[in-house]
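Participant: whatever this is, show me its structure:
(2 chains)
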Amino acid sequence: GQSLEQPSEVTAVEGAIVQINCTYQTSGFYGLSWYQQHDGGAPTFLSYNALDGLEETGRFSSFLSRSDSYGYLLLQELQMKDSASYFCAVRTAGGFKTIFGAGTRLFVKA
Amino acid sequence: DVKVTQSSRYLVKRTGEKVFLECVQDMDHENMFWYRQDPGLGLRLIYFSYDVKMKEKGDIPEGYSVSREKKERFSLILESASTNQTSMYLCASSPFRGKGENQPQHFGDGTRLSIL
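Facilitator: As a prediction, the model looks like this:
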């Protein structure tokens, strides 16, 4: 079957760096994406990796290793507003379908 | 700005009712999706559509059907609602892009559906 594994919860302090890992097992791979969802809100797109390596967007970076079926989201200079759920997602099945992980709940403490 | 609008934020229905959830996007996107979100399970794909009148089953299509008569509108139908369909339902749309290109999904605010 197809699956994405990510930790259920991560806690970090304000100003710190946190890494959220994602391993995937899918049939076909078109790219790994990350989404953020605040409580009561809609998921919003953060980043996308199709090729191996690091993509940086401000305080957020995302990494992909296709040979290891592994990626991570790196959040730097954590702020209280970063407290949210983060989902990794793999685009697969000919490019039409996206499979989401169960999500990682990030708690940022003062 | 990108906009995906779901017809209801909260909905309460009774077991056995036929329920319609509507979703409209204003971005001329080819792809549209319906997910349900339950605690600890993430987003699970119910159905998706990559063109008008086209539909494909996702991972959990049982008990659901969809309709896409116009490009901007994608409807989810619960044929005979049951209590295990109580959930948050999220609609999303995306442009279609080729392999290696980003195809971000834009989500609506969700419909919290309760089946009593």
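
Participant: wait, what's in contact with the spatially most central residue of chain B?
Facilitator: For chain B, residue B:34 is the residue whose C-alpha lies nearest the centre (CA atoms, centre = their mean; 2.2 Å). Contacts for residue B:34 (CB atoms under 8 Å, 6 or more residues apart in numbering or on different chains) come out as B:21, B:23, B:45-48, B:58, B:64, B:66, B:74, B:76, B:89-91. All C-beta spots, glycine's among them, are computed from the backbone N, C-alpha and C.

Participant: that one belongs to a helix?
Facilitator: No: assessed by DSSP: H, G, I helix; E, B strand; the rest coil, residue B:34 does not belong to a helix; its assignment is strand.

Participant: low-confidence ranges in chain B?
Facilitator: The model of chain B has pLDDT under 70 over residues B:2.

Participant: now the contacts of residue B:34: which count as buried?
Facilitator: B:21, B:23, B:45-48, B:58, B:64, B:66, B:74, B:76, B:89-91 (16 or more other CB atoms under 10 Å in any protein chain shown).

Participant: for those residues, give me a markdown table that also has distance to residue A:59.
Facilitator: As requested, the buried ones among the contacts of residue B:34 are exported to a markdown table (distance: CB to CB, whole Å):
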| residue | distance to residue A:59 |
| --- | --- |
| B:21 | 35 |
| B:23 | 32 |
| B:45 | 30 |
| B:46 | 34 |
| B:47 | 35 |
| B:48 | 32 |
| B:58 | 33 |
| B:64 | 39 |
| B:66 | 38 |
| B:74 | 34 |
| B:76 | 36 |
| B:89 | 31 |
| B:90 | 26 |
| B:91 | 29 |
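
Participant: so can I have TSV of those showing secondary structure and distance to chain A?
Facilitator: As requested, those are arranged in TSV below (DSSP: H, G, I helix; E, B strand; the rest coil; distance: CB to the nearest CB, whole Å):
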residue	secondary structure	distance to chain A
B:21	strand	15
B:23	strand	12
B:45	strand	7
B:46	strand	12
B:47	strand	11
B:48	strand	6
B:58	coil	7
B:64	strand	16
B:66	strand	14
B:74	strand	14
B:76	strand	16
B:89	strand	12
B:90	strand	7
B:91	strand	10
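
Participant: give me the contacts around stretch A:53-67.
Facilitator: So stretch A:53-67 is contacted by A:29, A:32, A:34, A:46-52, A:70-77 (CB under 8 Å, 6+ apart).

Participant: show me how far it is from its chain's centre.
Facilitator: Remark: stretch A:53-67 is offset 10 Å from the chain centroid, using CA atoms, centre = their mean, to the nearest Å.

Participant: and the end-to-end length of stretch A:7-18?
Facilitator: When the termini of stretch A:7-18 are compared using CA to CA, to the nearest Å, they are 12 Å apart.

Participant: buried set for stretch A:87-99?
Facilitator: Counting neighbours by 16+ other CB under 10 Å, one finds that the buried residues in stretch A:87-99 are A:87, A:88, A:89, A:90, A:91, A:92, A:93, A:95, A:96, A:97, A:98, A:99.

Participant: over to stretch A:31-41?
Facilitator: A:31, A:32, A:33, A:34, A:35, A:36, A:37.

Participant: does it come close to chain B?
Facilitator: Yes: contact of stretch A:31-41 with chain B (CB under 8 Å from any CB of the partner chain) involves A:31, A:33, A:35, A:41.

Participant: report how many residues lie close to residue B:9.
Facilitator: Neighbourhood size, residue B:9 [other CB atoms under 10 Å in any protein chain shown]: 10.

Participant: likewise residue B:17?
Facilitator: 13.
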